[in-house]
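Participant: Build me a model:
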Amino acid sequence: MTSHLIYFSQSAELFEGPIFDLDNELLYFVSILDNLVYCYNPKTKEILSVKLDSPTSNVYLKSKKLVVVASKNGFYEIDFSTLKSSFKFQIDINDNVRYNDGIKDAVGRYIIGTMGYPKVVEGIGNVYSYHNGTAKTIIKNTTISNGLAFTNDNSTLYFIDTPIKKVAKYNYNIDTGDVVFVDYVIEFNNIGHPDGMCMDKNGMLWIAEWGGACVSQWNPLNGEQLKKVELPFINVTSCCFDNVGNLYVTTARDENKSDYTNGSGLFYIELNKI
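Facilitator: Below you'll find the model as predicted:
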């Protein structure tokens, strides 16, 4: 396997939330604390950006170059054809939290977690579901709400609350959007903390490891780690698959480093090159 650093910003503190538009072959990601949202075209190498007025966290796909982005001050629609943004809605969250990772379910619900901001506070976060103008809390009292992934049949939602170093399994009701906790299916016993994640075509979870300098593949059916791909940045934040089964990975600044890793990077891992 080989990895390539595509985009690097020494000034950015926290790249996050990569999501690939399979239909239009475009990658979106955010620089949370810079309030920036990026659109990257792998074919032309063009990178476009739009700046919002508060920390950004998650991108939801709508159509070609049109996305909805969660920011602390609300959800905005961004048109990367015009580089314009417009406010769409807000969920009633406390002033001392911000949004973090999110995902859209098969019927279009916006699912999003929160965490303390500017200070992380234990148990202050929740995971919300928003649909047709109504929001509800589906997971309560989280600390750093992170990775979310659905199984292909939409019956299971996997979720990471980073500080507990475990992946939780929930039964998911696609008709109501409700969840029921089942069990913790993966536990991290090494230095890394699980951050963002995605699921491959075989139902295996790929998890970015904050503090672990890698992205790792896990079997959620038995909790076994299958693979690990190391990266030169210690704080790996999230990952997503493209249209050919390779992996985009975002990383964040390491405050303890003074060299080039003291910034944020976007990597491309060629899983199909063994």
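
Participant: what helix or strand is residue 248 on?
Facilitator: Counting by DSSP states H and E, the element that carries residue 248 is strand 247-252.

Participant: got the CA positions of that strand in CSV?
Facilitator: Output of strand 247-252 as CSV, limited to C-alpha atoms (Å, rounded to 0.1, in the frame of the first residue of the first chain):
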residue,chain,number,x,y,z
LEU,A,247,-9.0,5.9,1.0
TYR,A,248,-8.8,9.7,1.6
VAL,A,249,-7.5,10.5,5.1
THR,A,250,-7.4,13.8,7.0
THR,A,251,-4.9,14.7,9.7
ALA,A,252,-4.4,17.4,12.3
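
Participant: how distant is it from the center of its chain?
Facilitator: How far strand 247-252 lies from its chain's middle: 10 Å, per Cα atoms, centre = their mean, to the nearest Å.

Participant: shift numbering so it begins at 10
Facilitator: Understood, numbering begins at 10; the last thing we discussed is strand 256-261.

Participant: Count the residues that sit near the closest residue in space to residue 69 that isn't next to it in sequence.
Facilitator: Spatial nearest neighbour of residue 69, excluding adjacent residues (Cβ to Cβ, 6 or more residues apart in numbering): residue 77 at 4.4 Å. Using the backbone N, CA and C atoms, a C-beta is placed for each residue, glycine as well. By the criterion of other Cβ atoms under 10 Å, residue 77 has 18 neighbours.

Participant: Hmm, residue 77 is touching residue 71, no?
Facilitator: Yes: counting by Cβ atoms under 8 Å, residue 71 is a contact partner of residue 77 at 6.2 Å.

Participant: hey, what's in contact with both of those two?
Facilitator: Counting by Cβ atoms under 8 Å, 6 or more residues apart in numbering, the contacts common to residue 77 and residue 71 are residue 86.

Participant: Across the sheet, point out what pairs with the residue nearest to residue 69.
Facilitator: residue 69, residue 86 (DSSP bridges).

Participant: Quick one: neighbours of residue 164, just the number.
Facilitator: 12.

Participant: what's the pLDDT at the residue lying closest to it once chain neighbours are set aside?
Facilitator: Using Cβ to Cβ, 6+ apart and skipping the chain neighbours, the partner closest in space to residue 164 is residue 181 (6.0 Å). pLDDT recorded at residue 181 is 98.

Participant: which residues does residue 181 contact?
Facilitator: 114, 159, 163, 164, 165, 166, 187, 188.

Participant: Any of those residues buried? List them.
Facilitator: 114, 159, 165, 166, 188 (16 or more other Cβ atoms under 10 Å).

Participant: Which member of the residues you listed is positioned nearest residue 220?
Facilitator: Using Cβ to Cβ, residue 166 comes nearest to residue 220 of the buried ones among the contacts of residue 181, at 24.9 Å.

Participant: what about the stretch 10-159 of the chain, any weak spots by pLDDT?
Facilitator: Within the stretch 10-159 of the chain, the segments meeting pLDDT under 70 span 10.
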